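**Student:** Take this sequence and fold it.
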Amino acid sequence: GEKKGDDKSKSGKEGGGPGELETAGGAFPASELYKEIGANLEQWDIYRNSIALIESQGKYGIPGGSGMHFDGRYQMGEDAKKDGSAVAGVPNPGHSDDPNAHVRVSFRNNPQLQETIFTGFTIANHRYLMKNPKYKSASVERKLQILGYAHNQGMGGAENWLNTGKVGVDGFQTKGTAYTDLIAKNFRSKKSGGVMELATGAVPVPTGDETELSGKAGKIIAGAKKILGLGKGVVNECAKTVRAALVAGGLSEFKSKTTQIGDLDSDPNAGRNVPELAASFGGSDLGRVIRNKSNIKAGDIILWRGGGGYGPGAITHVGIAADDGLKNQYDHNTGYGFHYRPHWDSASGRKWFAGVRLMSEGGMIKRPSLAIIAERGKEEFLLGGRTTELFNSLNPNLLEKINAAKTK
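**Tutor:** Alright, predicted model coming up:
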């Protein structure tokens, strides 16, 4: 990776282009790719926190380098993001020459993504250097020291150093061996009980990528990442982009599937059958309804009411929860299109009020009649797909009538 003092146009940094990368092994989830080096978590923490101390003093949220071309805790530039995301198996977060561009701000605001892509970038360098006998035969700790050099001088620069002993410097005249020496010093201090020089404030290594979520949630989040930027410059695309994310994640039925009861909207018939409208997601027949943010999970559909000249109970915006507890979200606006950002609860008269955990079939009803299902005291619970199908075959409006009934 380029040191933050380098100009992004210089060659020999960030490990070169994708053509130099070997095929990803896929043996570990993205967050655990460091194990491919043979390192354990303690060794990896010493490595990453040593790099971060030099690059950013451990700060995830800062841009840096010549022309402010680099981002985050590990000061990663355009090529490092591209190579790291390719090896880690996550979408390229994108880059821009403008440090205030949304793609760069979003990257700096996402420590977990930085850790994942940094790990992928390190493994890209590792795989390249494994062709070099000196690197291949080195101990794990020595490999990590060499990878520190590669982070500053690129994989090609690291190989040249191994073969010739010639030390490269970056745009700040910082030697690549500054990284190597600090990592080596910290390993020695760890063994002797001395004080290590490490950046603080690191988030835990992510426990895994989307594949570790439940199947459908993982697909939804993966689909959301595939369509980032869709709808930029276009108004009123929230429902369309959410549906595009679902389809991109393999949930093709949601290209057109809409609520048939619209019971989460103040007017159940207002747009529930129009896939391009947020209200088309506003029904308990699509899945489990969640009212408490602490119970929201990654991949849940999230809904807002009010604003835009509509009544306070009208569903007017839809997005996708990016994580458990709804700290971040994916949704659309005109300026950035479909994008990742911190969750907002209310704005311009709109207010978040519920999430829906999608199911392929079946739905939910609210405290149904005891004559139909003997269940007491639950505001909402699942109906199996076959039961829903049976109800609808008997009377297409039966679930709507049950939900609307004043006496349950």
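**Student:** Let me know the helix or strand that the residue nearest in space to the middle of the chain is in.
**Tutor:** Centroid-nearest residue in the chain, with C-alpha atoms, centre = their mean: Leu113, separated by 6.1 Å. Using DSSP states H and E, Leu113 maps to helix 111-129.
**Student:** For that helix, name the packing helices and strands.
**Tutor:** helix 41-56, helix 78-88, helix 102-108, helix 140-164 (3 or more C-beta pairs under 8 Å, 6 or more residues apart in numbering; DSSP states H and E). (Glycine included, C-beta is placed from N, CA and C.)
**Student:** for those helices, which one ends up most surrounded?
**Tutor:** Of these, the one with the most neighbours on average (mean count of other C-beta atoms under 10 Å) is helix 78-88, at a mean of 24.
**Student:** what's the angle from the helix holding Leu113 to helix 140-164?
**Tutor:** 50 degrees (axes from the mean of the first three to the mean of the last three C-alpha atoms, to 10 degrees).
**Student:** Make 20 the starting number, not 1.
**Tutor:** Sure, I'll start counting at 20 from here, so that last one is helix 130-148.
**Student:** List of residues touching whichever helix or strand comes after helix 130-148?
**Tutor:** Remark: after helix 130-148, the chain's next helix or strand is helix 152-155, criterion DSSP H and E. For helix 152-155, contacts defined as C-beta atoms under 8 Å, 6 or more residues apart in numbering pick out Leu148, Met149, Lys162, Ile165, Ala177, Glu178, Leu181, Asn182.
**Student:** May I ask which two of those residues are separated the most?
**Tutor:** Lys162 and Asn182 (16.0 Å; C-beta to C-beta).
**Student:** Show the pLDDT at Ala46.
**Tutor:** pLDDT for Ala46: 32.
**Student:** Mind putting the contacts of helix 152-155 into TSV with distance to Tyr53 and pLDDT?
**Tutor:** Output for those, formatted as TSV (distance: C-beta to C-beta, whole Å; pLDDT from 0 to 100):
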residue	distance to Tyr53	pLDDT
Leu148	15	96
Met149	14	95
Lys162	11	97
Ile165	14	97
Ala177	17	95
Glu178	20	96
Leu181	21	95
Asn182	25	95
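**Student:** doesn't Asn171 make contact with Thr193?
**Tutor:** Yes - Thr193 is within contact range of Asn171, at 7.0 Å (criterion: C-beta atoms under 8 Å).
**Student:** Need the nearest residue in space to Val253, chain neighbours excluded.
**Tutor:** Excluding the flanking residues, the one nearest Val253 by C-beta to C-beta, 6 or more residues apart in numbering is Thr353, at 6.7 Å.
**Student:** what's the neighbour count on the one you found?
**Tutor:** Residues contacting Thr353 under the criterion other C-beta atoms under 10 Å number 12.
**Student:** do Gly354 as well
**Tutor:** Per other C-beta under 10 Å, the neighbour tally for Gly354 reads 9.
**Student:** isn't it right next to Val253, touching?
**Tutor:** No - using C-beta under 8 Å, Gly354 is not in contact with Val253; the gap is 10.7 Å.
**Student:** Check for me that His336 belongs to a helix.
**Tutor:** No - for His336, which was evaluated using DSSP: H, G, I helix; E, B strand; the rest coil, the result is strand, with no helix membership.
**Student:** Assign a three-state SS to Gly213, would you?
**Tutor:** Strictly by three-state DSSP, Gly213 counts as coil.
**Student:** picking up where we left off before, tell me how far the residue nearest to Val253 lies from Asn119.
**Tutor:** Going from Thr353 to Asn119 by C-beta to C-beta, to the nearest Å gives 18 Å.
**Student:** again with Pro112
**Tutor:** 15 Å.
**Student:** neighbour count winner among these two?
**Tutor:** Set side by side, Pro112 and Asn119 show more neighbours around Pro112, with 23 against 9, by other C-beta under 10 Å.
**Student:** And the pLDDT at the residue nearest to that one when sequence neighbours are not counted?
**Tutor:** Spatial nearest neighbour of Pro112, chain neighbours left out: Phe126 (4.7 Å); criterion: C-beta to C-beta, 6+ apart. On pLDDT, Phe126 comes in at 94.
**Student:** Lys54 now?
**Tutor:** 89.
**Student:** From Tyr168, how far out is it?
**Tutor:** 21 Å.
**Student:** Then Asp102?
**Tutor:** Counting by C-beta to C-beta, the gap from Asp102 to Tyr168 is 17 Å.
**Student:** and what of Tyr79?
**Tutor:** Here Tyr79 is placed at a distance of 23 Å from Tyr168 (C-beta to C-beta).
**Student:** any chance you could map the strands in the stretch 170-319 of the chain?
**Tutor:** 306-309 (DSSP state E, counting those that start in this stretch).
**Student:** Just the helices from it, written as ranges.
**Tutor:** Secondary structure of the stretch 170-319 of the chain by DSSP state H, counting those that start in this stretch: the helices cover 196-211, 234-245, 257-267.
**Student:** Using the three-state scheme, assign Val376.
**Tutor:** Val isn't right for residue 376; it's Arg. Following three-state DSSP, we place Arg376 in the strand state.
**Student:** Do I have it right that Ile321 meets Ile334?
**Tutor:** No - counting by C-beta under 8 Å, Ile321 stays clear of Ile334, with 10.9 Å between them.
**Student:** Between the two, tell me which one has more neighbours.
**Tutor:** Taking neighbours as other C-beta under 10 Å, Ile321 and Ile334 compare with Ile334 leading, 30 against 25.
**Student:** Spit out the contact partners of that one.
**Tutor:** Residues near Ile334 by C-beta under 8 Å, 6+ apart: Leu283, Asp284, Gly290, Ala297, Ala298, Phe300, Gly301, Leu322, Trp323, Arg324.
**Student:** what's the neighbour count on Asp364?
**Tutor:** By other C-beta under 10 Å, the residues close to Asp364 number 11.
**Student:** what's across from Gly374 in the sheet?
**Tutor:** When assigned by DSSP bridges, Gly374 has beta-bridge partners Ile309, Ile321.
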